[in-house]
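**Q** this one's sequence-less:
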């Protein structure tokens, strides 16, 4: 059974950092573009960052550029999202998703084929 499992969420103060992990089971991520998406209460799900299957191409939402870094370790079948300088507006449920494509531009959630259940990130003092 194909599964994506996110971890690493939690409560952090503004200015703090978290690293999210997305581990795959039941399939290998080598041939999939992976994206991190988030959904805040009352808002639509939005793309945060995406990475190509090779890791050679990455995309970031303007709101997180310079603060978040996406990476992948195909040997560990895991994708990461390092989040620094967190702001209250980063509070959301963060989801990882896989697309059966080598590259995905992160324009929206509609192009993804598999989803995890999400992990909650709360940025608050």
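**A** Received it, and whenever you're ready, just let me know what you need. Being a predicted model, the structure only gives us computed values, none of them experimental.
**Q** where does this protein dip in pLDDT?
**A** Nowhere does the chain drop to pLDDT under 70.
**Q** can you give me the helices for it?
**A** Counting by DSSP state H, the chain has no helices at all.
**Q** neighbours of the nearest residue in space to residue 53 that is not next to it in sequence, just the number please.
**A** With sequence-adjacent residues excluded and distances taken as CB to CB, 6 or more residues apart in numbering, residue 53 is closest to residue 102, at 4.5 Å. Bear in mind the C-beta positions are built from the backbone N, C-alpha and C, glycine included. When neighbours are defined as other CB atoms under 10 Å, residue 102 has 13 of them.
**Q** just checking, residue 121 touches residue 9?
**A** Yes. Counting by CB atoms under 8 Å, residue 121 does reach residue 9; the two are 4.8 Å apart.
**Q** the more surrounded of those two?
**A** residue 121 (22 against 18).
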